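[1] Whatever this is, show me its structure:
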Amino acid sequence: MGNKKYVAYVGTYTHGTSKGIQVYDVNVEEGTLTERSEVEVSNASYTAVSKNGKFLYSIEDEGVAVFERDENGDLRRINSVDIDGMRGCFLATDVDGKYLYVAGYHDGKVTVVHTHQDGRLGSLMDGVFHRGLGSVAERNFRPHVNCVRPTPDNKYLCAVDNGIDQVKVYKINKRTNKLELADVIRCPRESGPRIIRFSADGRFAYLLFELSNEIKVYSYDGSGKNPEFELLQSITTLEKENDVDAAHNAASGLALAPDGKHLFCTTAGENTVSMYEIDQETGLLTKKFTLPISGDYPKDLVIFPDNQHIAVANHSSNSITTFKVDYEKNILMMKGKPRKIETPNCITIWPVPDGEDIENHLDH
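    Predicted coordinates:
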């Protein structure tokens with residue numbers, strides 16, 4: 001890690017005093033964040049950094065905005081594009097740095113935006129609307145794309161649909177710049193899949209479920225003609241698995257530790273964070289703890305580059321709480337007081353650009 005400098009970006013909703021993206025200096029050894037600056041973006045509900053580390057993308061009311069990151073990690077707006085739909089909720093960059101993918105929760109749409117070498121956002125390459133399954137009982141099964149993420153081999157795009165309990169797997173046609181449906185991972189009814197992440201080696205996928213409060217582990221193989229996902233394990237995110245109040249809980253954030261050996265998730269309602277150990281051979285998870293995060297509605301979390309600290313963005317209590325992780329005793333120790341920030345929605349930590357690519361810091 002050396003003397004590498006890191007910054008944290010926290011995207012917020014801007015209904016009140018918050019301006020958009022808050023930039024923090026990161027003290028990796030101490031596990032602390034110090035406020036540095038704020039950048040105006042209307043409802044910056046999610047951010048992503050380009051694979052070369054030079055640009056930051058953000059959701060905004062008007063569509064998507066892109067910012068240049070300077071040598072300190074500060075942001076300068078380059079341009080914005082309209083995504084021709086309702087406001088997005090999640091962003092992902094592709095491995096080649098050619099596309100930006102946008103998930104549409106409100107309109108069930110997956111949008112592909114062209115990204116130029118100089119950082120500018122270009123034209124919309126494709127837009128695919130998911131279709132609903134009709135109305136069942138209380139719940140209206142309408143598409144809500146909550147997360148988009150390319151497979152690590154960059155062959156497919158996984159679009160996690162919280163409304164119709166499916167992950168649609170699209171082939172990325174580089175010739176036509178279009179998405180072609182290749183597979184569908186069907187999840188249990190009313191399970192509410194929310195976020196997908198891949199293991200560091202790309203062999204396993206971890207899917208977080210908001211309504212059933214669990215993580216499902218899949219093996220992934222993209223070497224054949226079609227993508228292959230096989231369900232290996234389901235494991236709860238809750239402290240008390242058969243809690244009678246479980247209906248009030250909603251699994252919310254999912255983060256892979258930089259060492260690739262631990263997976264963390266947060267659960268709102270219960271307001272906890274759970275840590276799992278990842279078996280490097282099988283990809284299977286062993287839960288190590290579920291502990292309170294001293295905040296309300298932990299929407300997102302990030303693991304510090306040293307693997308020793310975590311920061312949690314608590315949406316309803318308007319705070320960020322930071323903790324040291326004790327892997328021996330399986331406990332968390334709080335670092336300092338909660339930092340005040342209005343309606344935080346996402347949090348990421350990145351090295352500042354230093355002229356070199358930061359490919360090894362891929363956000364799996």
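
[2] In stretch 231-240, which residues are buried?
    233, 235, 236, 237, 238, 239 (16 or more other Cβ atoms under 10 Å). Quick note: C-beta positions are derived from backbone N, CA and C, even for glycine.

[3] go on, stretch 336-350?
    Buried, per 16+ other Cβ under 10 Å, within stretch 336-350: 338, 339, 341, 342, 343, 344, 345, 346, 347, 348, 349, 350.

[4] Tell me how many other residues crowd the nearest residue to the last one once chain neighbours are set aside.
    Going back to what we said before, that points to residue 350. In space, residue 350 comes closest to residue 49 once its chain neighbours are excluded; the distance is 5.2 Å by Cβ to Cβ, 6 or more residues apart in numbering. With neighbours defined by other Cβ atoms under 10 Å, the count for residue 49 comes to 23.

[5] and what of residue 316?
    14.

[6] just checking, it touches residue 298?
    No: checked against Cβ atoms under 8 Å, the pair residue 316 and residue 298 is beyond contact range at 9.2 Å.

[7] so residue 180 sits right up against residue 169, yeah?
    No: applying Cβ under 8 Å as the test, residue 180 and residue 169 come out as separate, 10.2 Å apart.

[8] So these two - more neighbours on which side?
    Using other Cβ under 10 Å as the criterion, residue 180 and residue 169 rank with residue 169 on top: 23 against 12.

[9] which residues pair with the more buried one across the strands?
    Residue 169 has these beta-bridge partners by DSSP bridges: residue 158, residue 183.

[10] Contact partners for it?
    Counting by Cβ atoms under 8 Å, 6 or more residues apart in numbering, residue 169 makes contact with 156, 157, 158, 159, 181, 182, 183, 184, 185, 227, 229.

[11] quick one: strands adjacent to the strand or helix carrying residue 333?
    Using DSSP states H and E, residue 333 sits in strand 331-334. If you go by DSSP bridges, strand 331-334 pairs up with strand 319-326 (antiparallel).

[12] in the strand it pairs with, what counts as buried?
    Within strand 319-326, the residues that qualify as buried by neighbour count (16+ other Cβ under 10 Å) are 319, 320, 321, 322, 323, 324, 325.

[13] again with stretch 253-266
    253, 254, 255, 256, 257, 258, 261, 262, 263, 264, 265, 266.

[14] distance between the ends of that stretch?
    When the termini of stretch 253-266 are compared using Cα to Cα, to the nearest Å, they are 5 Å apart.

[15] again, but for stretch 329-348
    Note: stretch 329-348 ends 26 Å apart using Cα to Cα.

[16] What is the distance between it and the centre of its chain?
    Remark: stretch 329-348 is offset 17 Å from the chain centroid, using Cα atoms, centre = their mean, to the nearest Å.

[17] Filter the buried residues of stretch 231-240 down to just the ones in strands.
    Among the buried residues of stretch 231-240, DSSP state E puts 233, 235, 236 in strands.

[18] if we can go back for a sec, with secondary structure added, can I get the buried residues of stretch 336-350 in a markdown table?
    Converted to a markdown table, the buried residues of stretch 336-350 look like this (DSSP: H, G, I helix; E, B strand; the rest coil):
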| residue | secondary structure |
| --- | --- |
| 338 | coil |
| 339 | strand |
| 341 | coil |
| 342 | coil |
| 343 | coil |
| 344 | strand |
| 345 | strand |
| 346 | strand |
| 347 | strand |
| 348 | strand |
| 349 | strand |
| 350 | strand |
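
[19] In CSV, list those along with pLDDT.
    Output for the buried residues of stretch 336-350, formatted as CSV (pLDDT from 0 to 100):
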residue, pLDDT
338, 93
339, 94
341, 95
342, 94
343, 95
344, 96
345, 96
346, 97
347, 97
348, 97
349, 97
350, 96
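
[20] between those, which is nearest residue 249?
    Nearest to residue 249 out of the buried residues of stretch 336-350 is residue 345 (Cβ to Cβ; 18.9 Å).

[21] I'd like the distance between the closest residue to the closest one other than its chain neighbours and residue 333.
    Distances taken as Cβ to Cβ, 6+ apart put residue 45 closest to residue 345, at 4.7 Å, once the chain neighbours are dropped. In this structure, residue 45 and residue 333 are 30 Å apart, going by Cβ to Cβ, to the nearest Å.

[22] With neighbour numbers in mind, choose between those two.
    residue 45 (25 against 12).

[23] show me the contacts for the residue nearest to residue 345.
    11, 13, 59, 87, 88, 89, 345, 346.

[24] Run through the chain and note the low-pLDDT ranges.
    Under the criterion pLDDT under 70, the flagged ranges of the chain are 1-2, 133-141, 242-247, 355-364.

[25] mind redoing it with 90?
    1-4, 15-18, 62, 94-97, 131-142, 200, 239-248, 336, 354-364 (pLDDT under 90).
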